[in-house]
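1. here are the coordinates; sequence isn't available:
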């Protein structure tokens with residue numbers, strides 16, 4: 001590949017390209033020191049919780065020079081064995097509710113976002129505006145009306161009722177996000193699918209959805225986290241039976257009136273964080289792909 005005379009003059013006029021190696025030593029040291037400090041601030045709380053989970057309850061809150069002094073996995077063993085509560089049942093309930101919320105919420109959000117992106121209908125602008133306004137209300141003010149609705153539907157105290165509640169909080173945000181992503185997909189793809197004889201839903205399901213994987217990954221991760229670590233709705237809408245609790249609600253058994261079992265609480269917190277980390281690891285490829293594709297789109 002060769003440059004013509006005009007292109008060569010433009011390159012020469014632009015001057016030399018500043019490389020990363022041209023940065024001064026002081027600037028490099030300051031930049032790396034800032035990154036190290038920021039990383040320590042972000043990682044240290046998680047590290048301290050992990051260290052606390054390895055200590056007995058009596059020494060969990062005592063700062064000692066040896067962080068791993070008297071460390072063991074007894075707290076994890078007691079939590080998983082059910083000695084301090086039916087942790088495995090809580091885990092199963094949380095996984096079921098989070099997966100149902102993700103699947104149902106993302107499907108509803110994708111269909112609504114695609115309709116808002118491709119079709120014109122009365123009230124479209126008001127609908128999208130309402131999705132933003134819903135996010136402004138604190139969740140606490142929604143507990144009473146949602147509780148009355150679940151009572152009327154006969155779903156209070158059930159896992160499916162809680163899934164519907166979580167969908168009411170996840171769908172508005174996910175719909176608005178997916179609508180913006182569908183806007184970046186050329187409408188020529190829809191027209192080509194209709195020429196090939198696909199129905200509107202066939203175009204959406206077979207052509208648009210595969211192209212929207214990065215957007216679906218972001219919304220799926222958000223919907224999963226919405227249901228995974230939520231406490232207020234789960235405490236209000238699930239029955240008080242131990243076997244029907246979720247992980248976030250079940251952890252309250254370690255906080256008693258007169259004492260807190262910090263070692264067991266920390267161990268359970270580490271176990272609760274593992275599925276969220278796994279989900280992030282599974283979708284991070286699509287998250288990076290979404291950032292990269294957004295950088296090259298006009």
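-> Everything's here; your move. No experiment lies behind these values; they were computed from the predicted model shown. Residues are numbered from 1 along each chain as shown.
2. Could you list the low-pLDDT ranges of the stretch 151-298 of the chain?
-> 242, 288-298 (pLDDT under 70).
3. Give me the nearest residue to residue 140, chain neighbours excluded.
-> Nearest residue to residue 140, sequence neighbours excluded (CB to CB, 6 or more residues apart in numbering): residue 232, at 6.7 Å. Quick note: C-beta positions are derived from backbone N, CA and C, even for glycine.
4. so who does that neighbour touch?
-> Neighbouring residues of residue 232 by CB atoms under 8 Å, 6 or more residues apart in numbering: 139-140, 143.
5. could you redo these as CSV and give each row secondary structure and neighbour count?
-> Shown next, in CSV, are the contacts of residue 232 (DSSP: H, G, I helix; E, B strand; the rest coil; neighbours: other CB atoms under 10 Å):
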residue, secondary structure, neighbour count
139, helix, 13
140, helix, 10
143, helix, 16
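6. Make JSON lines from those and add pLDDT and distance to residue 256 to it.
-> JSON lines is the format used below for those (pLDDT from 0 to 100; distance: CB to CB, whole Å):
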{"residue": "139", "pLDDT": "77", "distance to residue 256": "26"}
{"residue": "140", "pLDDT": "79", "distance to residue 256": "25"}
{"residue": "143", "pLDDT": "88", "distance to residue 256": "25"}
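7. re earlier: do you know how far the residue nearest to residue 140 is from residue 144?
-> Distance, residue 232 to residue 144, by CB to CB, to the nearest Å: 12 Å.
8. The stretch 151-298 of the chain: helices as residue ranges?
-> Ranges of helices within the stretch 151-298 of the chain are 159-183, 188-195, 200-203, 209-211, 213-228, 232-237, 247-250, 262-296, based on DSSP state H, counting those that start in this stretch.
9. Residue 130 is nearest to which of these?
-> Proximity to residue 130 (CB to CB) singles out helix 159-183 among the helices of the stretch 151-298 of the chain, at 7.7 Å.
10. Could you figure out how far the closest one is turned away from helix 213-228?
-> Angle of helix 159-183 versus helix 213-228, following axes from the mean of the first three to the mean of the last three CA atoms, to 10 degrees, is 150 degrees.
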